[in-house]
Every structure is written in C-alpha cells, then in structure tokens.
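In: Quick check, what structure comes out for this input:
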Amino acid sequence: MTILTLSASVHGLKPLCDAKNECNPTGLGKGVFYTGLYLIALGTGGIEPCVSSFGADQFDDSDDDDEKKDKSSFFNCRLYRNQSPGGSPLTRISQVLVASFRKFGVHVPKDKSTLYETAEEEKSAVKGRRKLEHTRELSFFDKAAVETKSDRKNGSVNGWRLSTVTQVEEVKSIIRLLPIWATGIMFSAVYSQMGTLFVLQGNSMNLHVLKSFKIPSASLSLFDTISVIFWVPV
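Out: The predicted structure is shown next:
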C-alpha cells in the first residue's frame, strides 16, 4: 500500500494529465505501480492460507468443552482469543536448527525414549502447551534432542545445544506444512487479483452498457462474488 501511495503522490511517479484529463504515466511510474499491486497480491496470498491454521492452533481441544465450541466458532466468524505468550516461535525454531547442525556428526540412538524431554509430570517447556509424540520422519532434526556432555552448563540446559522432543516435533510440523502453505500462496495471489487487476483492466475497457449507464471499474469484482453465490448451490 505504501508503494501504491507513492506511485500516486510522488512527483515523477504520478501520471501527468493534460487539459482533457488524459493521463500518460511514465515507464518508471508504471513499474512502481505494478510492483505495488503484485506485492499486495503476494502478501495477501501469504496471509490467507495461514489465518485458519495459525488461528485454530490457539485452541486446545484437551482443555474443556468450551474450547472445542470456541474452535468450531472460529471457522465461522474468525473468533480469536488471547493466549499467554510462551516466547518467540522463531527462537524455538532457530534453536532446533542450530542444535541439529552443531550435532551433524552425532548418531541418533535407535531407542527414541532416550532423547531429551522435560520431566514426565510437566506438560511442556512452554507453560500451557502439551507435549508432542516423537515421529520417524525428518530424523535429521532428532540430533537436536540427543544429549551430550557439552549441552549442560552449571547444571542448566543450553537451549541452543539441546532441544526437547516436543520442540523438535514442532519444527517438523512446520516443515511438513510448508508445501501446503506454498500452494495456498499461489492460489490466494491469483484470487486477490479481483481487487487489483480487475479494477485496472476495467479502466481500459468500455464499461458503457447503455448510453446513460456505465459500470464503475471498482464494481467489476462483484461479478466474481455473484458467480460464486450462483454456482456454489448448483
């Protein structure tokens, strides 16, 4: 949106219009304008496929029946709840990646129960979260949960050298979802063209239905909504 605003307000990027209100944009202005449009499409495409998955993940089905009802309502009205922060997810992901590559030559034991995890009576290293069971896929990251002598310092665990099984499984889950998110980005990027490219296309079309009636360019996106309302029941 910032780039689009600059393309319409900054001298040199803003199209020059004559007395007949005919505007002639420069090559640079066109480039900046289209860059803004495609960045909006890409950004929208990145947000849309993640809202449902990340939002629903805030609800814990094991808490009570009210949580399950709220989660069901979330998909209908996008209802969010407040949840106490448990630290930066980027930090937890980075710790697993760093610990895995640091232990590149470490052998992962066949007995997965020997991998590092919090005490049995504790739910998770993050308060309010539950533990995750170990999975066999992406076994390279299991190296981060293999405990070595250098992982502890003065009796405390160095998070950048040793990660819990739950923390490793969180990273695995994100990696498994990457192909789905990537596919959703492309779909949503195309879908978001209704609010950008359709309007731009309408500006170059003859929108007169009758001599006294002209369809506004901004209204062209309504045809997509109308077609969905009509064809989905069919």
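In: what distance separates the start and the end of stretch 202-220?
Out: The first residue of stretch 202-220 is 7 Å away from its last residue (C-alpha to C-alpha, to the nearest Å).
In: what about residue 203, neighbour count?
Out: The tally of other residues near residue 203 (other C-beta atoms under 10 Å) stands at 10. C-beta coordinates here come from the backbone N, C-alpha and C atoms, glycine included.
In: pLDDT of the biggest helix by length in the chain, averaged?
Out: Looking only at the chain and at elements set by DSSP state H, the helix with the highest residue count is helix 27-56. Model confidence over helix 27-56, given as mean pLDDT, is 76.
In: Grab the nearest non-local neighbour of residue 40.
Out: Once flanking residues are discounted, residue 40 sits nearest to residue 196: 6.2 Å by C-beta to C-beta, 6 or more residues apart in numbering.
In: How about the contacts made by that neighbour?
Out: The neighbourhood of residue 196, defined by C-beta atoms under 8 Å, 6 or more residues apart in numbering, consists of 37, 40, 41.
In: What count of nearby residues applies to the first one?
Out: Applying other C-beta under 10 Å, we find 20 residues neighbouring residue 37.
In: wait, doesn't it sit right on residue 198?
Out: No. Residue 37 lies out of contact with residue 198 (C-beta atoms under 8 Å); the separation is 11.1 Å.
In: Contacts only, for the residue nearest the centre of the chain.
Out: The C-alpha lying nearest the average C-alpha coordinate of the chain belongs to residue 50 (C-alpha atoms, centre = their mean; 4.0 Å). Contacts for residue 50 (C-beta under 8 Å, 6+ apart) come out as 181, 184.
In: Done for today, thanks.
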